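> predicted model, plus sequence, below.
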Amino acid sequence: MSSQKAFQFPYIVGLHDTDAADYLFSANLIRICHIAYEAMMASLGFPLGSLLKQRDFALPIVHIEGDFKQRLTVSDELTISAWVSRLGGSSYTISYELRKPDGELCATASTVQVCVDWNSSKSQPLPAPLREALGRYSEA
């Protein structure tokens, strides 16, 4: 993915992100990526807090995966690139790359969000304004 098309989010690995061996705790990979996702959504005009208050639809994560390429430890400075790698009718995939300042790829992850009706939890098409906004960071 071209870094010009991806949302860029800075992050510094904190002590609370690591385990007793001073490695990034595996579950925190997804937590850190979700922090970048929330910032990306806010940059698109769809802050998650506002979406939750409106209760028109929800965007739950239905699939998560991640891979570690290099060790991440306390004080590592990262840039998280996030982009829409797939935009479907009612769902989308966000892909992530975590890189050190020298460009070294340290981890990748992806999440699949599906748009559901707030009350019934049944899948529904992505609202047109959201679909259009997501296109800003789409690799398609």
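Looks like it came in fine. Residues are numbered from 1 along each chain as shown.

> helices or strands next to the lengthiest helix in the chain in the packing?
Looking across the chain with DSSP state H, the single longest helix is helix 26-43. Here helix 26-43 touches strand 7-12, helix 48-54, strand 61-68, strand 77-87, strand 91-99, strand 105-114, going by 3 or more CB pairs under 8 Å, 6 or more residues apart in numbering; DSSP states H and E. (C-beta placed from N, C-alpha, C; glycine too.)

> between strand 77-87 and it, find me the angle.
Inter-element angle recorded for helix 26-43 and strand 77-87: 70 degrees (by axes from the mean of the first three to the mean of the last three CA atoms, to 10 degrees).

> buried residues in helix 26-43?
28-30, 32-34, 36-37, 39-41 (16 or more other CB atoms under 10 Å).

> export the worst-scoring helix or strand of the chain on mean pLDDT to CSV, keeping only CA atoms.
Within the chain, no helix or strand scores below helix 48-54, which has a mean of 89 by mean pLDDT, DSSP states H and E. C-alpha atoms of helix 48-54 as CSV (Å, rounded to 0.1, in the frame of the first residue of the first chain):
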residue,chain,number,x,y,z
LEU,A,48,-16.6,6.0,16.9
GLY,A,49,-18.0,7.7,20.0
SER,A,50,-20.5,9.7,17.9
LEU,A,51,-21.5,6.6,16.0
LEU,A,52,-22.2,4.7,19.3
LYS,A,53,-24.3,7.6,20.6
GLN,A,54,-26.4,7.8,17.3
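
> buried residues, that helix. List them.
Neighbour counts over helix 48-54 (16+ other CB under 10 Å) mark L51 as buried.

> starting at the chain centroid, how far to the helix or strand that comes right after that helix?
Per DSSP states H and E, the first helix or strand lying C-terminal to helix 48-54 is strand 57-58. Relative to its parent chain, strand 57-58 has a centroid offset of 17 Å by CA atoms, centre = their mean, to the nearest Å.

> which strands or helices does strand 57-58 pack on?
Applying 3+ CB pairs under 8 Å, 6+ apart, one finds that strand 57-58 contacts helix 48-54, strand 116-117.

> what packs against the longest one?
In this structure, helix 48-54 makes packing contacts with helix 26-43, strand 57-58, judged by 3+ CB pairs under 8 Å, 6+ apart.
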